[in-house]
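Pasting the sequence and the predicted model now:
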Amino acid sequence: MNLRHALPRVPLAGGPTPLQLLPRLSAALRGPTLWCKRDDQTALAGGGNKARKLEYLMALARQQGADTVVTFGGVHSNHARMTAAAARMCGLSPVLVLTGTLPVPAVGNPLLDALLGARIVTVPDHGKGRDAAVAALRETLAAEGRRVAWIPGGGSTPLGAMGYVRALFELRAQCEAEGITPAAVWCAAGTEGTWRGLRAGAALARWPVAIEGVAVATPAERAGFGVTDEASFFSEMGELLGEALTIPAAQLIEDQVGGAYGAVTEAGVQAMAQAAQAEGLILDPVYTGKALAGLLARIVDGGYRQGEHVVFVHTGGWPGLAPKAAAIEAALAATAGVD
């Protein structure tokens, strides 16, 4: 990837993640040939898409002379876990502002946050209570003499999304090596940084592939996550890239949310089971299970033909299995015997 302006980056994600053919799942669906971009295998604290964003965000924190990194998320946040690990790798102290109540005993990401020694502040879901807690934290860190870099939830700033501009070029090279031109690339979309970064990358590469994002939260929830309007987001990305971007308009696929962020859906669990039983591929119920469910629904509806190729981006999230175990088991029982 050639950029007019070199952007500082800390190598956290490791080498190119694999592009894996899914032959048994493809054959079972009798539709397009499916491939999986294995970003669950990035080389940071168990893997996941946040590693690519944090390469740029941690470089910025270093430039700012920070000794402490603060970020935000829910109590089971993958982004918070990976930010804590990235901070440790960069010699910085992690502080996690987490919405909700920590589970006792700790499971999944909260357990990993504890192992990483992150300082955790829990806050209410909404309103003045949360604002007051964050204001108090700012005062506390200032009184301690901390030099703080503040990273938004999901790391989905225009700078963070550069990680998925880079990933798009990596994916294109892998597809060319395989001799394929995909009809589409699919991914989960929460704070939308991955989806927007891939779209910006495709525009920059002039690669005519549809980038399909599957929403995992309602529009109101995404607004609460701090998702900004696309025009200003892509404008700032263009400034960072040193090139004006013309991004094709796209709509998120909204029918897999299940009513709320984090809700376990039968369609999502069924997609998880299909991937696991056909390919040994482990997905999570909050992000990748719902994204694959959206792709499978499109295939069943005849959206792709045999002979076409479709890439599914596995964005990680395996620690999300543990806190949802009962709901996953219930959904598996409800879909037992469904082909």
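Yes, it's here. Just so we're clear, the structure is a prediction, and the values are computed from it rather than from any experiment.

for the stretch 101-250 of the chain, which spans come out with low pLDDT?
126-127 (pLDDT under 70).

What segments of it are strands?
Assigned by DSSP state E, counting those that start in this stretch, the stretch 101-250 of the chain shows strands spanning 119-123, 148-151, 184-189, 210-215.

Tell me which strands the shortest one pairs with, and in which orientation.
What that stands for is strand 148-151. Using DSSP bridges, strand 148-151 pairs in its sheet with strand 68-74 (parallel).

Now do the helix or strand following the partner strand and strand 68-74, the angle between them.
Heading C-terminal from strand 68-74, the first helix or strand you meet, by DSSP states H and E, is helix 78-89. Computed by axes from the mean of the first three to the mean of the last three CA atoms, to 10 degrees, the angle separating helix 78-89 from strand 68-74 equals 160 degrees.

Excluding its own residues, what touches helix 78-89? List them.
Applying CB atoms under 8 Å, 6 or more residues apart in numbering, the contact partners of helix 78-89 are 10, 12, 44-46, 48, 50-51, 54, 58, 69, 71-73, 93-94, 96, 98, 109, 112-113, 116-118, 151, 153-155, 287, 316-317, 319-320. C-beta here means a position set from N, CA and C on the backbone, and glycine is covered the same way.

Could you find the closest non-adjacent residue to V286?
G320 (4.8 Å; CB to CB, 6 or more residues apart in numbering).

So what would you say the end-to-end distance of stretch 305-321 is?
This stretch, stretch 305-321, spans 33 Å end to end (CA to CA, to the nearest Å).

average pLDDT for that stretch?
Stretch 305-321 shows a mean pLDDT of 96 in the predicted model.

about what we covered before: deepest-packed of the strands of the stretch 101-250 of the chain, please.
Most buried of the strands of the stretch 101-250 of the chain by mean neighbour count (mean count of other CB atoms under 10 Å) is strand 184-189; its value is a mean of 26.

Show me what that one is packed up against.
Identification of packing neighbours for strand 184-189 by 3 or more CB pairs under 8 Å, 6 or more residues apart in numbering; DSSP states H and E yields helix 193-205, strand 210-215, helix 288-300, strand 309-314.

Can you spell out the domain ranges of the protein, please?
19-48+159-334, 50-155 (automatic domain parsing).

Please enumerate the helices of the stretch 1-150 of the chain.
23-29, 50-63, 78-89, 109-115, 127-143 (DSSP state H, counting those that start in this stretch).

Tell me which of those sits most buried.
Comparing those by mean neighbour count (mean count of other CB under 10 Å), helix 78-89 comes out on top with a mean of 26.

and the residue lying closest to P11 once chain neighbours are set aside, what pLDDT?
Leaving out its chain neighbours, the residue that sits closest to P11 by CB to CB, 6+ apart is E55, at 6.5 Å. pLDDT for E55: 98.

so what's E55 up against?
By CB under 8 Å, 6+ apart, E55 lies in contact with R9, V10, P11, L12, A13, G163.

what's the distance between L296 and H76?
25 Å (CB to CB, to the nearest Å).

quick one, which of those two is more surrounded?
Neighbour comparison, L296 and H76: the larger count goes to H76, with 24 against 20 (by other CB atoms under 10 Å).

Which pLDDT value goes with that one?
Predicted confidence (pLDDT) for H76: 96.

thinking it is in contact with P319, fair?
Yes. Shown here, H76 and P319 form a contact pair, counting by CB atoms under 8 Å, at 7.3 Å.

who touches both of these two?
Common neighbours of H76 and P319, using CB under 8 Å, 6+ apart, are G108, N109.

since we're on G117, how many residues are nearby?
Residues near G117, counting by other CB under 10 Å, number 11.

Equivalent analysis for R30, please.
Neighbourhood size, R30 [other CB under 10 Å]: 9.

correct me, but it touches Q306?
Yes. Using CB under 8 Å, R30 is in contact with Q306, at 7.1 Å.

Please work out how many residues are found near the residue nearest to V286.
By other CB under 10 Å, neighbour count at G320 equals 23.
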